[in-house]
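In: Structure, please.
(one chain, ligands or ions: 2)
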Amino acid sequence: MGRALRFRCQPGCIRCCDNKGFVYLTEADLIRIAGALKLTPAQFESHYVYRTRRTLRLRSPRRRNCQFLTSNGCSIHPVKPEQCRAYPFWPEILASHDRWLAESAACPGIGMGHLYQIETALDTAARMNDLYPWQYSR
Ligand code: SF4
Ligand code: SF4
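Out: Ligands and ions are numbered 1, 2, ... in the order given. Predicted coordinates:
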């Protein structure tokens, strides 16, 4: 990787929210989003969350990838899950410069706008490692 990466989320873009894939939650995400929706954590979980022994994820609706995605973007943007906040600084995307560049096919914000020091991006990726150990620590 170089010393810095350029990235800026593009206005009006919802591509990463609409890509196939699961939106995983932390326990803190669940509590924060439930509160914003004026639900108890248990109510939020029973309506919106699929829990396994090791993971929590949003249930997937039939026609969209995420039930909080609207034509105006994320309806829970201020409280959205850590996974969504961290994108595209995910460990697997920062694994190499080629992988970072390849992700630009999925994210038009890569290579645009703000210059992030590589340490800042790697800090975010390290946080993902801590938050989702079942995914990154094998
Ligand atoms: S794909 Fe990239 S530019 Fe588009 S919404 Fe996601 S982060 Fe922003
Ligand atoms: S929670 Fe919001 S940011 Fe995350 S995938 Fe759904 S719509 Fe996108």
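In: On the pLDDT front, check Arg138 for me.
Out: Arg138 is assigned 55 on the pLDDT scale.
In: How about Gly35?
Out: Gly35 carries a pLDDT value of 98.
In: quick one, what contacts the closest residue to it other than its chain neighbours?
Out: Once flanking residues are discounted, Gly35 sits nearest to Val79: 7.7 Å by C-beta to C-beta, 6 or more residues apart in numbering. Using the backbone N, CA and C atoms, a C-beta is placed for each residue, glycine as well. Counting by C-beta atoms under 8 Å, 6 or more residues apart in numbering, Val79 makes contact with Arg32, Ile33, Gly35, Ala36.
In: Closest to ligand 1 out of those residues?
Out: Distance ranking of the contacts of Val79 against ligand 1, using C-beta to the nearest ligand atom, places Ile33 first at 18.7 Å.
In: my guess is the closest one meets Ile76, correct?
Out: Yes. If you go by C-beta atoms under 8 Å, Ile33 and Ile76 touch, sitting 5.8 Å apart.
In: Any part of stretch 5-15 near ligand 2?
Out: No. Judged by C-beta under 6 Å from any ligand atom, stretch 5-15 stays clear of ligand 2, getting no closer than 7.1 Å.
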